[in-house]
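J.: 3D model of this:
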Amino acid sequence: MRKVTGSLLAAVALVALPHMALAQRRAAGGGGGGAKNEFGVDLGAAFGHVGSGCTASCGTFEAGTPVDLRVGFIGRSFNVEPRLSFSYLSQGGGHIMVFNPDVNFLKPMGTNTSRKGLYLTGGAGISIISASGVSSENQFSLNGGVGTRIPKPNTNWRLEGFLRYNFESGALPSGYNVGVRAGMSFWQ
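T.: Numbering: from 1, shown residues only. Sure, this is the predicted structure:
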């Protein structure tokens with residue numbers, strides 16, 4: 001229980017950090033203006049491969065539902081984007097729950113902006129995994145990708161390809177995921 005509570009506190013801190021930094025920047029600038037926020041929801045699909053300790057079928061395939069939420073804090077040269085995803089699977093009286101808080105940095109490429117065009121992304125996250133009959137585990141990961149924003153009035157479509165490496169942790173083996181995300185962004 002301490003491990004889950006500590007992980008949740010770390011996740012809240014990761015999500016709050018960019019907002020606190022934005023508040024500091026606005027206060028230093030002396031005005032209430034500044035960057036707008038990007039709110040988004042994504043669908044995703046990924047192929048995964050389990051690395052260390054795998055002796056049989058080591059490949060997986062996942063498809064995500066719209067429980068993948070993100071908030072982008074727009075900066076001058078890059079965006080800070082906390083992302084939360086949640087999945088819950090119940091079968092045969094047991095369950096597995098996975099909560100993933102991530103923080104990514106998005107860098108527009110060339111003459112593109114925070115609202116349109118090509119971008120590169122990279123970041124870190126933690127997976128908090130709980131299953132029936134076993135203690136919860138945490139797994140640290142690094143990720144990177146390339147994507148594009150397709151502008152529409154008051155929204156953007158986002159398409160992104162990504163690679164995620166999951167480090168070995170306790171009973172959880174290392175592994176990687178290669179996937180795509182498609183989603184919508186709303187500006188406030």
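J.: Going by C-alpha atoms from here, please, whenever you check contacts or count neighbours.
T.: OK.
J.: Low-confidence ranges, the protein, go.
T.: Scanning the chain for pLDDT under 70 picks out 1-35, 53-57, 64-66.
J.: again, only using 80
T.: 1-36, 51-67, 91, 114, 154, 187-188 (pLDDT under 80).
J.: mind listing the helices in it by residue range?
T.: Under the criterion DSSP state H, the chain contains helices at 2-29.
J.: now stretch 59-75, how far from the centre of its chain.
T.: With C-alpha atoms, centre = their mean, to the nearest Å as the basis, stretch 59-75 stands 6 Å off its chain's centre.
J.: hmm, who's touching stretch 80-98?
T.: The contact list for stretch 80-98 (C-alpha atoms under 8 Å, 6 or more residues apart in numbering) reads 14-15, 18, 67-74, 99-106, 127-132.
J.: May I have it as PDB, with CA atoms only?
T.: Extracted in PDB, the C-alpha atoms of stretch 80-98 (Å, rounded to 0.1, in the frame of the first residue of the first chain):
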ATOM      1  CA  VAL A  80       5.400  20.300 -21.500                       C
ATOM      2  CA  GLU A  81       2.700  17.700 -21.700                       C
ATOM      3  CA  PRO A  82       1.600  15.500 -18.700                       C
ATOM      4  CA  ARG A  83      -0.300  12.400 -19.900                       C
ATOM      5  CA  LEU A  84      -2.500  10.000 -17.900                       C
ATOM      6  CA  SER A  85      -3.800   6.600 -19.000                       C
ATOM      7  CA  PHE A  86      -5.700   4.000 -17.200                       C
ATOM      8  CA  SER A  87      -6.700   0.400 -18.000                       C
ATOM      9  CA  TYR A  88      -8.600  -2.100 -16.000                       C
ATOM     10  CA  LEU A  89      -9.200  -5.800 -17.100                       C
ATOM     11  CA  SER A  90     -11.500  -8.100 -15.100                       C
ATOM     12  CA  GLN A  91     -11.700 -11.800 -16.100                       C
ATOM     13  CA  GLY A  92     -12.400 -15.000 -14.200                       C
ATOM     14  CA  GLY A  93     -12.800 -13.400 -10.800                       C
ATOM     15  CA  GLY A  94      -9.400 -11.600 -11.100                       C
ATOM     16  CA  HIS A  95      -8.300  -8.200 -12.300                       C
ATOM     17  CA  ILE A  96      -5.300  -6.200 -13.500                       C
ATOM     18  CA  MET A  97      -5.200  -2.400 -13.200                       C
ATOM     19  CA  VAL A  98      -2.600  -0.300 -14.900                       C
END
